[in-house]
Each structure stands twice: as C-alpha cells, then as structure tokens.
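Chemist: Next come a sequence and a model predicted from it.
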Amino acid sequence: MAPQRGGASRDPVRLAIIGLAALVVLILVIGFGVVRDAGFFGMADPVRSIVFPDLKGQLERVERVEVAGPKGEVTLTRDGDGWSVVQKNGYPAQAEQITAMLNAITGMPALQRLDTGEAQFDGLGVAADSEEGTRVTLSTGEGERLRTILIGMEKAAPGAEDLEAYYVRASDSQTVWLADADLAFPADPMAWLDTEAFAVPRARIRAVKTAPASGQPVHIRRDGPEDATFAGVGLPSDIELEGDWVLGELVVPFQSVQFSDVRRADEPLQPGGDEQGYVTTFDGVKIWYTLESRDGGQWARFAVESVAKTTADAEQGAAEDGENGPPVTAEDLNTRLSRWQFRLPEFHAQRMSRSIADLPRKGVGATEGATTAPADADAEGGGD
C-alpha cells in the first residue's frame, strides 16, 4: 500500500493538542497580567482606564493649583468663576487654560502601569526631589490638599509614536503610570495670562496723541471711519511724510496692546494730564496713558473715560462686526486696566512715545509741506 502523504499534519488529535496548548499559554499570559493589574502585554487594565479616577468627583472643590517645575513655580487661585495668578498680584488668569489642565489631570487615560522601586523614580522624572519633572498640587480653598501629582519624562505612546505620553505618580504612591495626555504644564506665571491688555480695531480709532518723555507730542486724527488715513494736527510745515504710514503706524500699538509683564499700580492714573497720551474711538471711549522707563523696560498705566460719540460711530457701530469687532466700553476697560501697570514691547512703546522731533523732516530746498489738520481740530465733534 502506498504511504499516505501529509498524514501527520492532518492528524486531528495532534492539531487539537497544539491548539489546546496555545490556548493555555494565552490564558496564563492574560491571567498573569490581570493579577498584576498591568493589563494585556503590559498595557493598563481596561477596568482602570483613568489614572486618578477619584479626582474626577473632586474637581469642583479645587480652588488652588500649584505648579512647580525646573524653571520656576506658579500658584493659581479660583474666586467664583475666575482664576488669578498669585505671583502677578492676582492678575486674571486664562480660565480656559486652567480648565484644560484640570481636565487633563482628572481624565488622563492609563497606558501602562510600572511597579518600579524608588531607585527608578529619578530616571523617570517622578522622584519627589526630581530636577526634571513637574509637581502639581491641587487644594481646596480651605487648604485641604487633595492630591500632589509628579509628572516625569515624556515618552512616545506605545504603538502610536505621534501621541504624547508622560510618566506620572501620586506623591503618596509607589506606582508609576504612563498616561496618555499632554501634561506639559508651564511653571512660568506669565504663561497663564492673556498678554493682550486690550485691543481697539483700527476702524474704530478716531484720534491718537502720543506721550513722549520730552518734546512735543504727535497728534493725529480723522473725521470718520470711512477715512482711510490719519492727518496730523498742528504739525510744523517742514515735516516730511514719506507716506501715510508715518502717521498711520501710530495707531498700531492700540490694535493689540501686548505686555510682557504686569504689576499692580501704586495708584490709579488720573486722566487728563498734559503729559499723558490718549487714543479716542468713534464709540465714545477715550483711553489715557502714561509711559515710564524703569527696571529696564517701558511701563504703561491707563485710565478710561467716556466722551461724546460721533454720528458716524452711531451708524458704524450698530451695523459693523467681523474684523472691527464689538465696540469697546469705558466701563469694561476701566475694570480691566485701572489697577495695573504693564510692561510693553519696545516697538510699541517707541510709537506711543514718539515726539514731533522724531518725525522725518523735509530735505533742504524742498518747498512742499506736510498735509495737516487745523491745530484746533480736536475741538470739533465733541473733542478727541
């Protein structure tokens, strides 16, 4: 009889034994992972999908957050619906940024559990005295510490190299987790502020007067929002304007008043001083300001008052939106600005403090003068 080919590979008993052995091995691997609470192949147990599930219910109690990192520390406190930065004398923080941080901490998915010893903490950046990691402490308004979390080294998420993951550990636990979340929280107080003090869209700016440290201020204005350019008020006839931009750039700082530092003002600015500059809007708002050079920078204070609106503004403000934005109000701006002094970028401060002497002059022999508005133009239309 001819031998039967492939008989061994078709032996049902042998196949059954091999399949059974593979199943046993698989069950052992899964069981070993579950017993160690490490999950399948070292991944976190699906039952524990969140690293700190107990914190979710504590979120409403968090009224103080301390973030300490290698380059500094910041303390954020909540008062009602708002947050403020302690290191900046209570200047308002960006609430949505803090909300995003708290949601990340309380909802971070667990990718992997590492039952390491203290000897490995430093290498992962989660040692209590780590010089590389970040410490985040959540507390109630009464001072009860809810949790201190140590955030260590960043690591690519297993199986997804483009995702961010961080080693984390509760300060009172020996367990280290690899968490799938962006936990790069800055310890710089300025990083938690909206560094735009205020903004006035160009279409709403009616007039500007600069505040030079010495010399005569530059005063520019226009009659209505439909005027594309600004005219100088009472400028000497020998002023040479290379283009409309020479005067037009004086409004640029007010379109977005950025600052690099902020402090509480020693005293509020009283509006109307001769040395003060201002910007007025067609909305009936006049923002006075002063500039002071100290501590290596230019510091500004602001005071806001209401002035008469123009007919053009009454029509424009009701009809326009989009890039012009909603009208600014004196009340809102005073609430935001009156208690503070702001360190401005040098290029903004230079424009806000420009004097007539800083403007370019005509060449020798030239006879054409600059186009200027009448010196008493600011008396028209209710004043600038």
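Modeler: It's in. Residues are numbered from 1 along each chain as shown.
Chemist: outside of the helix or strand hosting T106, which residues touch it?
Modeler: Per DSSP states H and E, T106 falls inside helix 95-107. For helix 95-107, contacts defined as CB atoms under 8 Å, 6 or more residues apart in numbering pick out 50, 52, 55-56, 58-59, 62, 65, 76, 81-83, 136, 138, 149, 181-183, 185, 192. All C-beta atoms are positioned from the backbone trio N, CA, C, and that covers glycine.
Chemist: Please apply the same query to stretch 115-122.
Modeler: With CB under 8 Å, 6+ apart, stretch 115-122 has contacts from R36, A38, L114, L124, A127, A128, S130, R169, Q174, T175, V176.
Chemist: Identify those among those residues that sit within helices.
Modeler: L124 (DSSP state H).
Chemist: Any chance of the contacts of stretch 115-122 in a markdown table with pLDDT and neighbour count as columns?
Modeler: Shown next, in a markdown table, are these (pLDDT from 0 to 100; neighbours: other CB atoms under 10 Å):
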| residue | pLDDT | neighbour count |
| --- | --- | --- |
| R36 | 35 | 12 |
| A38 | 41 | 17 |
| L114 | 89 | 15 |
| L124 | 94 | 22 |
| A127 | 94 | 18 |
| A128 | 91 | 13 |
| S130 | 89 | 20 |
| R169 | 96 | 25 |
| Q174 | 92 | 11 |
| T175 | 93 | 13 |
| V176 | 95 | 22 |
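Chemist: Would you convert the contacts of stretch 115-122 into JSON lines that also reports distance to G284?
Modeler: Output for those, formatted as JSON lines (distance: CB to CB, whole Å):
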{"residue": "R36", "distance to G284": "70"}
{"residue": "A38", "distance to G284": "66"}
{"residue": "L114", "distance to G284": "63"}
{"residue": "L124", "distance to G284": "59"}
{"residue": "A127", "distance to G284": "59"}
{"residue": "A128", "distance to G284": "57"}
{"residue": "S130", "distance to G284": "55"}
{"residue": "R169", "distance to G284": "57"}
{"residue": "Q174", "distance to G284": "64"}
{"residue": "T175", "distance to G284": "61"}
{"residue": "V176", "distance to G284": "60"}
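Chemist: Tell me which of the contacts of stretch 115-122 fall in strands.
Modeler: When the contacts of stretch 115-122 are checked against strands (DSSP state E), the matches are L114, R169, V176.
Chemist: contacting residues around the nearest residue to the first one once chain neighbours are set aside?
Modeler: In space, and not counting its chain neighbours, L114 is closest to V176: 4.4 Å by CB to CB, 6 or more residues apart in numbering. Contact analysis of V176 by CB under 8 Å, 6+ apart lists R113, L114, D115, T116, Q120, F121, L124, V126, G152, Y167, V168, R169.
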